[in-house]
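S.K.: pasting the sequence and the predicted model now:
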Amino acid sequence: EAGVVQSPRYKIIEKKQPVAFWCNPISGHNTLYWYRQNLGQGPELLIRYENEEAVDDSQLPKDRFSAERLKGVDSTLKIQPAELGDSAVYLCASNLQGTETQYFGPGTRLLVL
Amino acid sequence: GENVEQHPSTLSVQEGDSAVIKCTYSDSASNYFPWYKQELGKGPQLIIDIRSNVGEKKDQRIAVTLNKTAKHFSLHITETQPEDSAVYFCAARNQAGTALIFGKGTTLSVSS
């Protein structure tokens, strides 16, 4: 069974540019998470989806970050415009609703210059 | 909200020795505590978890203990091998049961 797929794996952009990350969760997993992991830190939740509904986006900086999961399967996280402090690894995770184990993708490593 | 503290930040052991990583949490309502292993360039991978109705859980060379009263939980790895070298994260599920709050990680180095 395929795990959580993320693309791109790496992205280098200049500040003020837009960037988007894509995630395809494990088949059948209706809960999807986006985390940000700063260097030397643990992952921090940005947003959680139950199917296509964002049920917890309290930690998402809404002035520049947006996310969507239109059909309740894959998801896109966008930053516009990017700032230097956005350099981090963006992780996507999923789990079957009602279960506890979250499965993580490999992440997208973003560098903002 | 929930806060998770993890110690030590780095740990170096000789192959065959045991390694122990400790975490504390602040929210007494937390009831699920997973441990993740993250290798370079990869996402975190669950290695073991424990729920608040259990005090200890073991899976081969890995064990986790939970002290609800003290709000402590620990990861124990016995007979360490070089392939155990990675960053280990503890986490606690928040009170609402909606998110995992992670510690800052422990970099474990096992030398042969």
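M.R.: Right, received. Where do you want to start?

S.K.: so where's chain A shaky on pLDDT?
M.R.: For chain A, applying pLDDT under 70 flags the ranges A:1.

S.K.: and it, which residues reach chain B?
M.R.: A:4, A:33, A:40-45, A:48, A:55-56, A:91, A:93, A:100-107 (CB under 8 Å from any CB of the partner chain). Placement of C-beta: from N, CA and C, glycine included.

S.K.: what about 7 Å?
M.R.: A:41-43, A:45, A:48, A:56, A:91, A:100-102, A:104-107 (CB under 7 Å from any CB of the partner chain).

S.K.: distance of the nearest residue to B:Gly103 once chain neighbours are set aside from B:Trp35?
M.R.: Nearest residue to B:Gly103 in three dimensions, chain neighbours excluded: B:Gln6, at 2.9 Å (CB to CB, 6 or more residues apart in numbering or on different chains). Separation of B:Gln6 from B:Trp35 (CB to CB, to the nearest Å): 10 Å.

S.K.: I'd say B:Gln6 and B:Thr106 touch.
M.R.: Yes. Applying CB atoms under 7 Å, one finds B:Gln6 in contact with B:Thr106, separated by 6.1 Å.

S.K.: any common contacting residues for those two?
M.R.: Jointly contacting B:Gln6 and B:Thr106 under the rule CB atoms under 7 Å, 6 or more residues apart in numbering or on different chains are B:Ile21.

S.K.: in chain A, which residue sits nearest chain B?
M.R.: Closest to chain B within chain A is A:Gly42: 2.9 Å, counting by CB to the nearest CB.

S.K.: so who does the closest residue to that residue other than its chain neighbours touch?
M.R.: Counting by CB to CB, 6+ apart, A:Gly42 lies nearest to B:Phe102, which is 2.9 Å off, once chain neighbours are set aside. Each residue near B:Phe102 by CB under 7 Å, 6+ apart is listed here: A:Gly42, A:Pro43, B:Val4, B:Phe89, B:Ala91.
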